[in-house]
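[1] Dropping the sequence and predicted coords here.
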Amino acid sequence: MDSSFAALWTSLLPIGRDRTTGGYRRFAWTDADMACREWFRDQAASRGLDVEQDRNGNLWAWWGSPGRDAVVTGSHLDSVPDGGAYDGPLGIVSAFAAIDVLRQRGVRPSLPIAVVAFSDEEGARFGVACVGSRLLTGQLSGERARALRDADGFTLAETLTKAGVDHAAIGRDDDALSRIGTFVELHVEQGRGLVDLDRPVGVATSIWPHGRWRFDFTGEANHAGTTLPDDRRDPMLTFASTVLAARTAVEGNDARATFGRVLVDPNGTNAIPSAVTGWLDARARNETTLDDVVADIGAAAAASGESDRVGVAVTSESYTTVTDFDPALRDGIATLIDHAPLLPTAAGHDAGILATAGVPTAMLFVRNPTGVSHSPAEHAEEADCLAGTDALAAVLADLACR
C-alpha cells in the first residue's frame with residue numbers, strides 16, 4: 001500500500017474500535033469522536049495545512065488561503081453503532097493522501113483546496129443524520145438542533161458546550177458555504193454495483209429520497225404472568241405487526257424500509273411494556289413510492305393499534321428529496337478517471353446535503369467486495385483504496401488547476 005495512505009489509515013484505525021465486535025463506536029462529540037477530531041488536526045498540521053472549526057463544529061484543513069471557489073473534499077469521522085472502518089473515514093484519509101500525491105507530483109493549484117470533516121453525519125447519537133452539513137446549509141435550524149437529545153437525556157446544546165462549541169452560534173453559515181466552489185466526496189460503496197461491473201472506482205449519479213420516522217406505541221404496563229391475553233394493551237404486539245407491515249410495504253416496490261432502533265419502557269422481562277418507540281428508516285427510488293410506502297406502514301400501525309387498544313403516533317424526524325449530482329461535474333469526472341461507471345445510491349451523504357443547497361457536487365465510490373456496510377464486515381481492498389486516492393487526486397488537480 002502507498003506509504004502515505006498506509007500511515008494515515010493505520011494511525012486512525014484503532015480510535016473508537018470495540019475489541020469485542022471489531023466495529024466502531026465513534027458517536028458525535030464522545031471521547032472517540034474527539035480523538036478522531038484531534039487526529040484530523042494532527043494530520044493537517046503535519047502537512048502544513050491551516051485548520052479551522054466552523055461555528056457548527058465542522059473541521060476544515062486548507063491548502064492555500066481560504067477563499068471563494070475552493071475545491072473541497074472530505075467526508076465524516078463518526079460512525080453508526082458497531083460500524084465499519086471505511087464509511088466516512090475513507091474519504092478523509094483519501095483526501096489527505098491525495099494532497100500528498102499532488103505535492104509529490106509538483107502540482108501547484110490555482111484555487112484553494114480544503115479537506116472537511118463534517119460533524120455527526122450518521123446521527124447515531126442524536127437521531128438526525130448529517131447534522132453538521134444540514135446546519136451549515138440551513139436545512140436544520142439551530143433551534144431544533146440545540147433541543148436534540150441523546151439516549152442519556154443530554155441535549156446537543158449541552159454537549160456542544162462541554163466540547164467548547166458555542167451552541168448559540170450554530171445554524172446556517174453563509175460565510176463558510178460561500179467559500180465552497182465545488183465539493184467532491186469519496187466514499188466506500190455501500191452496495192455491490194462496482195463488484196458486478198468489475199471496476200474499482202465509480203461516480204454517483206443521484207441519491208434516493210429517504211427519511212426517518214418515529215413511531216410511538218402507547219399501551220398499559222402489566223404483569224407478564226397474571227394478565228390474561230384479552231386484558232392486555234401490549235404495544236409490543238402493535239410494534240411487531242408494524243415491523244412486518246414495513247416488509248410487506250416494500251415488496252414489489254423499488255424501496256427499503258427498516259426498523260433498526262427500538263426503545264421499550266419499562267424494558268422488564270416479566271412486564272408487559274407501557275410504551276414502545278421504534279424508528280423507521282425508509283428509502284425509495286422516487287418520492288411518490290417513498291411517500292406511499294411510509295403511508296402504508298403508518299396505516300398498518302394505526303389499524304393494529306386500534307385492534308390492540310394501543311395508541312399510535314407517527315412523527316417525521318427527517319426527509320431528504322431525491323438528489324441529483326451536478327451533471328456536468330459528474331460526467332466530466334467520469335471521463336477523467338477512465339470513463340468510470342455511473343451509479344445511483346440509496347445511502348445518504350453530506351454530499352447530498354450540499355448538492356440540495358445548490359453547491360456543485362460529485363461523489364466517487366470505491367469498490368466494496370461484499371457490499372456490506374454499517375457493519376464490522378465493511379471492507380475495501382488496498383489496491384482499490386489506492387485507485388480511489390489516485391482518482392481523487394486527478395479530480396482535485398483538474399478542478400483546482402484551471
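    The structure has been received and is ready for your questions.

[2] Output the below-cut-off pLDDT ranges for the stretch 251-400 of the chain.
    The stretch 251-400 of the chain contains no residues with pLDDT under 70.

[3] pull the CA atoms of stretch 377-386 into PDB?
    The C-alpha trace of stretch 377-386 is given here as PDB (Å, rounded to 0.1, in the frame of the first residue of the first chain):
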ATOM      1  CA  ALA A 377     -17.500  -6.700   7.800                       C
ATOM      2  CA  GLU A 378     -17.400  -3.500   5.700                       C
ATOM      3  CA  HIS A 379     -14.200  -3.600   3.600                       C
ATOM      4  CA  ALA A 380     -12.300  -2.300   0.600                       C
ATOM      5  CA  GLU A 381      -9.100  -3.800  -0.800                       C
ATOM      6  CA  GLU A 382      -5.900  -1.900  -0.600                       C
ATOM      7  CA  ALA A 383      -5.500  -1.700  -4.300                       C
ATOM      8  CA  ASP A 384      -9.000  -0.200  -4.700                       C
ATOM      9  CA  CYS A 385      -8.300   2.300  -1.900                       C
ATOM     10  CA  LEU A 386      -5.200   3.400  -3.800                       C
END
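
[4] Show me what counts as buried in it.
    Using 16 or more other CB atoms under 10 Å as the test for burial, stretch 377-386 gives 378-380, 384-386. Heads up, the C-betas are built off the backbone N, CA and C, glycines and all.

[5] What are the boundaries of the helices in this structure?
    With DSSP state H as the criterion, the chain has helices at 3-12, 31-46, 89-104, 131-137, 142-147, 156-162, 174-178, 193-197, 235-250, 287-308, 327-336, 350-356, 382-400.

[6] re the thing from before, got the buried residues of stretch 377-386 as CSV, with distance to Val184 columns?
    Converted to CSV, those look like this (distance: CB to CB, whole Å):
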residue, distance to Val184
Glu378, 21
His379, 23
Ala380, 18
Asp384, 18
Cys385, 16
Leu386, 17
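
[7] sorry, back to before: got CSV for the helices of the chain, with distance to Val72 too?
    Output for these, formatted as CSV (distance: least, CB to CB, whole Å):
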stretch, distance to Val72
helix 3-12, 18
helix 31-46, 14
helix 89-104, 9
helix 131-137, 11
helix 142-147, 22
helix 156-162, 23
helix 174-178, 10
helix 193-197, 24
helix 235-250, 35
helix 287-308, 28
helix 327-336, 13
helix 350-356, 9
helix 382-400, 10
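
[8] Of all these, which one is nearest Val372?
    helix 193-197 (11.2 Å; CB to CB).

[9] Other residues contacting the closest one?
    200-202, 341, 343, 365-369, 371 (CB atoms under 8 Å, 6 or more residues apart in numbering).

[10] if you set the cut-off to 10 Å instead, what comes out?
    The list of residues contacting helix 193-197 from outside it, by CB atoms under 10 Å, 6 or more residues apart in numbering, reads 189, 199-202, 340-345, 365-371, 380, 384.

[11] Minimum distance to Thr20: which of the helices of the chain has it?
    helix 31-46 (15.0 Å).

[12] So which bits of the closest one are buried?
    Buried-residue list, helix 31-46, by 16+ other CB under 10 Å: 32-33, 35-37, 39-40, 43-44.

[13] In contact with the residue of the chain most remote from its centre: list those residues for me.
    No residue in the chain sits farther from the centre than Thr226, which is 45.1 Å out by CA atoms, centre = their mean. Contact analysis of Thr226 by CB under 10 Å, 6+ apart lists Asn270.

[14] repeat that for 6 Å
    Thr226 makes no contacts at all, as judged by CB atoms under 6 Å, 6 or more residues apart in numbering.
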